[in-house]
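[1] model the following, please.
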Amino acid sequence: MITLNTPISQITPIGKTIAPKLKKLGVNTAQDLLFYFPFRWEDWSKIKSISALEPETNATIKGQIELIQNKRSKWKKRLITEAIIADKNDHIKAIWFHQPYLIQNIKPGDHIFLSGKVTLKPDGLQFVHPNYEKISNYKNHTTHTARIVPIYPLTKNLTEKQIRFVISKIIFLTNKITEWLPENIIQTNKLLKLGLALKQIHFPDNNQLLNQARNRLKFNELFLIQLHSAIAKQELKQAQSNKINFNQKQTKKFVDSLPFKLTDSQKISSWEIIQDLGKKTPMNRLLEGDVGSGKTIVACLGILNTALNKFQTAYMAPTEILAEQHFNNISQLFKNYPLTMALVTRSNKKTTDKKIKNIHKSIQTGKIDLIIGTQALIQDKITFNRLGLVIIDEQHRFGVSQRKKLKQKGIESKTNVNKNHIPHFLSMTATPIPRSLALTAYGDLDLSIINQMPLGRKKIITEIVPPESRPDKYKFILNQIKTGQQAFIICPLIDPSDKLGVKAVKDEYEKLNQKIFPDINIGLMHGRLKPTEKEKTMRDFIENKTKILVSTPVIEVGIDVPNATIIIIESAERFGLAQLHQFRGRVGRSEQQSYCFLFTESTTEPTIKRLQALKQCSNGFELAEKDLEFRGPGEIYGIKQSGYKDQLKIAKLTDYLIIKQTKNAAQSLIAVDYKLSSYPSILSKLKQFEQNIHLE
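    Numbers count the residues shown, from 1 in each chain. This is a model prediction of the structure:
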């Protein structure tokens with residue numbers, strides 16, 4: 001007897017064949033397979049007579065096999081199966097390549113459905129490689145033809161027919177699926193019952209039911225995201241934090257001492273943060289700003305007020321180099337203030353107060369106001385004294401458990417005052433995400449956006465470079481290096497890959513080092529280097545010991561080398577606009593004119609159109625919106641790492657109407673029962689959802 005828990009291998013003989021392949025896709029049981037959704041559907045439901053067929057159209061016919069035979073092609077010696085199919089008024093040829101076994105499956109006299117593309121050949125219309133199905137076998141209940149047919153994501157040696165066949169044998173189990181949404185939410189939002197939605201998503205009776213099924217399954221996924229965010233916000237309202245009062249006089253003095261003026265956007269974001277810090281409930285805010293927009297100085301205003309209130313700040317960065325960069329830059333900003341800072345990474349520990357010998361002990365006793373570091377900050381041996389503010393840079397690069405652990409450090413602070421209060425939390429990202437997407441992906445966070453660039457920055461000159469123009473750009477780079485500048489060269493892969501046809505960083509490094517720039521020191525950076533090797537490579541580049549850094553995309557975030565004024569992006573068509581903009585942000589960080597050269601061998605219209613958008617636009621938020629138009633939310637850099645990508649099998653973060661529905665449903669639910677004690681089935685789903693979120 002087949003149940004929801006039956007392994008795929010025990011469903012049918014075909015199930016046994018494809019079980020190992022489905023296992024690679026995370027599908028092990030009948031229930032897993034029911035939740036393995038198609039990514040598109042082909043409508044073969046309208047049956048035409050052969051005489052009504054038109055060339056270059058998709059169609060379904062119902063007919064009888066008059067003749068079927070195997071033969072070899074005259075020109076390419078390919079094995080071809082040919083069949084003549086007739087209905088009452090006409091006949092048509094169908095051909096299949098390399099499927100000689102078909103003559104055992106379908107024979108003259110068999111009544112079949114054929115679904116596929118109709119092509120005009122010299123000897124008339126014909127079907128090329130169509131789907132077929134014998135009518136007598138299915139009693140007019142078809143699986144692969146004459147209906148709306150599901151198309152599934154595949155892996156090697158797995159076919160659509162195999163998946164559809166096995167699902168057809170378990171589709172009756174949709175009646176056994178437990179409904180977990182309350183009836184009032186189903187009724188209010190006009191949703192299908194879950195079992196019916198699953199049945200219709202695989203074998204829809206019509207387009208209306210297919211759309212209703214998709215909406216129900218999208219609702220499921222987005223509702224859990226909204227519920228997760230709403231409960232997190234509700235719990236924060238219940239939590240308490242230490243109030244950090246705004247010291248207007250010292251803040252004004254600090255701002256006036258800066259060698260530049262704050263932009264209006266920086267002022268607004270700073271004020272939002274300062275107001276949040278002044279509340280007894282913990283701040284939970286995302287500061288989103290374009291590359292080079294000045295997020296660090298905004299964070300510093302929060303750090304300053306936290307220190308003036310005798311509380312500590314923990315500032316966590318994703319890499320050692322970035323942590324050290326923040327330490328050096330912020331030290332300079334606070335050089336005239338009695339603010340003690342420490343750097344804590346795996347390989348480096350230092351402080352701005354030379355009298356401090358034991359950094360860990362000084363953190364524990366409260367002598368250090370600002371602790372900047374990597375994941376070393378969440379090690380057990382580090383104990384804070386009065387942790388009031390946690391700042392995480394490029395927050396999508398840290399996992400949920402890492403962020404929670406750092407927050408927990410605040411609760412465990414060795415202070416006798418307000419021991420159980422949790423610290424305020426400020427998350428920062430330079431990844432431009434459209435506001436609508438950010439509010440969905442990071443719904444538990446309040447949003448501050450810096451959308452202006454500091455005055456005096458020159459616009460980066462961006463050019464699309466075809467193969468024939470490469471030599472000129474290499475000469476240009478050589479001349480720039482002779483004047484003291486440096487350059488990045490970004491490649492998509494580490495090792496050569498003819499299959500993808502894109503530049504490999506090792507090959508490119510060898511070519512540049514030996515042929516193009518033999519007299520220049522060149523560094524090589526990629527993800528397979530050991531941490532110590534990465535650190536040395538980056539440090540050599542920052543200290544101008546190497547003039548060119550050839551790298552994979554590992555350098556895309558945060559690294560600040562003001563002397564680097566040129567970036568070449570090889571196979572630029574392989575990257576999305578948002579990521580290309582991140583790369584471009586590695587240059588243009590000084591008053592020098594900077595350049596971004598997009599090397600591509602592609603001449604397709606969509607590629608050139610996307611690259612032209614980058615050339616014409618320097619605003620990351622505008623580019624993120626364009627990326628959304630070009631490629632969809634699943635591909636946008638940043639949303640990939642938002643933690644929800646793996647949870648969205650069918651929904652998109654641009655399903656705005658359903659997002660609005662789910663948000664309203666989640667809020668109305670937690671308004672009456674935010675612990676979900678009356679909704680055990682929803683609570684169980686939510687716990688499962690939270691266990692599966694990956695934010696690393």
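[2] who does the longest strand seen in the chain pair up with?
    Longest strand of the chain, by residue count under DSSP state E: strand 57-72. As defined by DSSP bridges, the strand partners of strand 57-72 come to strand 47-48 (parallel), strand 79-86 (antiparallel), strand 111-121 (antiparallel).
[3] could you save those as CSV and add columns showing mean pLDDT, mean neighbour count and distance to residue 661?
    All C-beta atoms are positioned from the backbone trio N, CA, C, and that covers glycine. Formatted as CSV, the strands paired with strand 57-72 follow (pLDDT from 0 to 100; neighbours: other C-beta atoms under 10 Å; distance: least, C-beta to C-beta, whole Å):
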stretch, mean pLDDT, mean neighbour count, distance to residue 661
strand 47-48, 92, 16, 37
strand 79-86, 93, 19, 47
strand 111-121, 92, 18, 35
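[4] turn those strands into a markdown table, columns for distance to residue 658.
    Below are those laid out as a markdown table (distance: least, C-beta to C-beta, whole Å):
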| stretch | distance to residue 658 |
| --- | --- |
| strand 47-48 | 33 |
| strand 79-86 | 43 |
| strand 111-121 | 31 |
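[5] returning to that earlier point: distance between the longest strand of the chain and the chain's centre?
    44 Å (C-alpha atoms, centre = their mean, to the nearest Å).
[6] next helix or strand past the lowest-mean-pLDDT helix or strand in the chain?
    In the chain, no helix or strand scores lower on mean pLDDT, DSSP states H and E than helix 400-411, which sits at a mean of 58. Counting by DSSP states H and E, the next helix or strand C-terminal to helix 400-411 is strand 424-429.
[7] can I get that next one as PDB, trimmed to CA atoms?
    This file holds the C-alpha atoms of strand 424-429, laid out as PDB (Å, rounded to 0.1, in the frame of the first residue of the first chain):
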ATOM      1  CA  HIS A 424      20.100  47.400  19.900                       C
ATOM      2  CA  PHE A 425      20.800  45.900  16.500                       C
ATOM      3  CA  LEU A 426      22.000  47.700  13.300                       C
ATOM      4  CA  SER A 427      22.500  45.700  10.100                       C
ATOM      5  CA  MET A 428      24.300  47.200   7.100                       C
ATOM      6  CA  THR A 429      24.500  46.200   3.500                       C
END
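[8] strand partners (parallel or antiparallel) of it?
    According to DSSP bridges, strand 424-429 has these partners: strand 284-289 (parallel), strand 387-393 (parallel).
[9] mean neighbour count added to these, as JSON lines?
    Output for those, formatted as JSON lines (neighbours: other C-beta atoms under 10 Å):
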{"stretch": "strand 284-289", "mean neighbour count": "24"}
{"stretch": "strand 387-393", "mean neighbour count": "27"}
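[10] what's the closest of those strands to residue 602?
    strand 284-289 (30.9 Å; C-beta to C-beta).
[11] quick revisit: need the strands paired with strand 424-429 in CSV (columns: mean pLDDT).
    Compiled in CSV, the strands paired with strand 424-429 are given as follows (pLDDT from 0 to 100):
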stretch, mean pLDDT
strand 284-289, 88
strand 387-393, 91
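[12] okay if I get those as TSV plus distance to residue 356?
    What follows is these, written out as TSV (distance: least, C-beta to C-beta, whole Å):
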stretch	distance to residue 356
strand 284-289	30
strand 387-393	18
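[13] measure how buried residue 310 is and give me the count.
    Residue 310: 15 surrounding residues under other C-beta atoms under 10 Å.
[14] please read the previous query as pertaining to residue 595.
    Count around residue 595 with other C-beta under 10 Å applied: 21.
[15] that one reaches residue 458, doesn't it?
    No - contact criterion C-beta atoms under 8 Å: residue 595 and residue 458 do not qualify, at 10.5 Å.
[16] mutual contacts of those two, please.
    Residues touching both residue 595 and residue 458 do not exist when contact is defined as C-beta atoms under 8 Å, 6 or more residues apart in numbering.
[17] quick revisit: of the strands paired with strand 424-429, which is nearest residue 604?
    Proximity to residue 604 (C-beta to C-beta) singles out strand 284-289 among the strands paired with strand 424-429, at 31.9 Å.
[18] which residues touch that closest one?
    The contact list for strand 284-289 (C-beta under 8 Å, 6+ apart) reads 232-233, 236, 265, 269, 272-273, 276, 295, 298-299, 395, 425-433, 438, 442, 444-451.
[19] in helices only, show me those residues.
    Within the contacts of strand 284-289, residues falling in helices by DSSP state H are 232, 233, 236, 265, 269, 272, 273, 276, 295, 298, 299, 438.
[20] now those residues as TSV including distance to residue 218?
    What follows is those, written out as TSV (distance: C-beta to C-beta, whole Å):
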residue	distance to residue 218
232	22
233	22
236	27
265	34
269	33
272	32
273	35
276	33
295	34
298	36
299	37
438	19
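[21] got a ChimeraX select line for the buried ones in these?
    The following ChimeraX line selects those of these that are buried, judged by 16 or more other C-beta atoms under 10 Å:
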select :233,236,265,269,272,273,276,295,298,299,438
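[22] okay, and the beta partners of the residue nearest to residue 447 when sequence neighbours are not counted?
    Excluding its sequence neighbours, the residue lying closest to residue 447 (C-beta to C-beta, 6 or more residues apart in numbering) is residue 286, at 5.4 Å. Note on residue 286: beta-bridge partners by DSSP bridges are residue 427, residue 447.
[23] related to what we said a few turns ago, out of the strands paired with strand 424-429, nearest to residue 128?
    Using C-beta to C-beta, these put strand 284-289 closest to residue 128, at 50.1 Å.
[24] now that closest one, how far from the centre of its chain.
    18 Å.
[25] which of the strands paired with strand 424-429 sits closest to residue 509?
    The nearest among the strands paired with strand 424-429, by C-beta to C-beta, is strand 387-393 at 29.0 Å.
[26] quick check, residue 92 in contact with residue 55.
    No - counting by C-beta under 8 Å, residue 55 is not a contact partner of residue 92; they are 11.5 Å apart.
[27] between those two, which one's more packed in?
    For residue 92 and residue 55, the more surrounded residue by other C-beta under 10 Å is residue 92, and the numbers stand at 21 against 12.
[28] quick check: the more buried one vs residue 351, distance?
    Shown here: residue 92 relative to residue 351, a distance of 83 Å by C-beta to C-beta, to the nearest Å.
[29] just residue 93 next, same as before
    82 Å.
[30] which one's more surrounded, these two?
    The neighbour count for residue 93 versus residue 351, taken as other C-beta under 10 Å, is higher for residue 351 (21 against 16).
[31] wait, what's in contact with the more buried one?
    Neighbours of residue 351 in contact, by C-beta under 8 Å, 6+ apart: 340, 341, 342, 343, 359, 362, 368.
[32] would you map out the domains in this structure?
    46-146, 248-278+294-429, 461-617 (automatic domain parsing).
[33] nearest to residue 185, of those?
    Residue 185 sits nearest to domain 248-278+294-429 of all these, at 26.4 Å, using C-beta to C-beta.
[34] for the stretch 201-350 of the chain, what spans make up the strands?
    284-289, 312-316, 341-344, 349-351 (DSSP state E, counting those that start in this stretch).
[35] let me fix that: the stretch 451-600 of the chain
    Counting by DSSP E, counting those that start in this stretch, the strands of the stretch 451-600 of the chain are 461-465, 486-490, 522-525, 548-551, 564-569, 595-599.
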